[in-house]
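K.L.:
Provided below are the primary sequence and the corresponding predicted coordinates.
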Amino acid sequence: MLESGCKAVKEGMLEKRSDGLLQLWKKKRCILTEEGLLLIPPKHPPPPQQQQPAEPAAKIKELHFSNMKTVDCVERKGKYVYFTVVMAEGKEIDFRCAQEQGWNAAITLQMVQYKNRQAILAVRSTRQKQQHLAAP
């Protein structure tokens, strides 16, 4: 997703529940594209005297729509909306954001649009193969 130069549909902060024993909520800078969701650790400004190198790409987590199954379990509690992204292999990733941010709806909408584009491409490909086989 990073290499393909997809344009950002939505950018901002989301909180992701960690996988560890304590399951703490960690802030992530997120970029939603037409291909998926990028999770970037929030940047800490470097001290004025030192210049730190750019953040390594290994820290950026890509959740590609081709590996995403659903966006589930929307719950509103207090000022937060809680939701779960279910990946194709069954892994569940929990997120929360302020209610007015609408991340869950934006992710769902982009995922549906991505899956629709893939379905249309599959149908076109099948038709082209059939036409090619039918041609004398």
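P.N.:
Received the coordinates, thanks.
K.L.:
In the chain, which residue is most central in space?
P.N.:
residue 37 (2.0 Å; Cα atoms, centre = their mean).
K.L.:
who does it bridge with?
P.N.:
Counting by DSSP bridges, residue 37 is bridged to residue 32, residue 63.
K.L.:
Sketch out the low-pLDDT regions of this protein for me.
P.N.:
1-5, 44-58, 136 (pLDDT under 70).
K.L.:
ranges for the helices of it?
P.N.:
Remark: helices assigned in the chain by DSSP state H are 103-134.
K.L.:
Tell me which residues touch residue 11, please.
P.N.:
29-32 (Cβ atoms under 8 Å, 6 or more residues apart in numbering). For glycine as for every other residue, the C-beta is placed from the backbone atoms N, C-alpha and C.
K.L.:
hmm, I was thinking of residue 28
P.N.:
Contacts of residue 28 (Cβ under 8 Å, 6+ apart): 13-16, 39-42.
K.L.:
Report the separation between it and residue 13.
P.N.:
According to Cβ to Cβ, to the nearest Å, residue 28 stands 7 Å off from residue 13.
K.L.:
Same check on residue 35?
P.N.:
Taken as Cβ to Cβ, the span from residue 35 to residue 13 is 20 Å.
K.L.:
Compare neighbour counts for the two and give me the winner.
P.N.:
The neighbour comparison of residue 35 against residue 13 (other Cβ atoms under 10 Å) goes to residue 35, with 18 against 13.
K.L.:
Need phi/psi at that one.
P.N.:
phi -110, psi -20 (degrees, to the nearest 10).
K.L.:
so it makes contact with residue 64?
P.N.:
Yes: at 6.2 Å, residue 35 and residue 64 qualify as touching, with contact defined as Cβ atoms under 8 Å.
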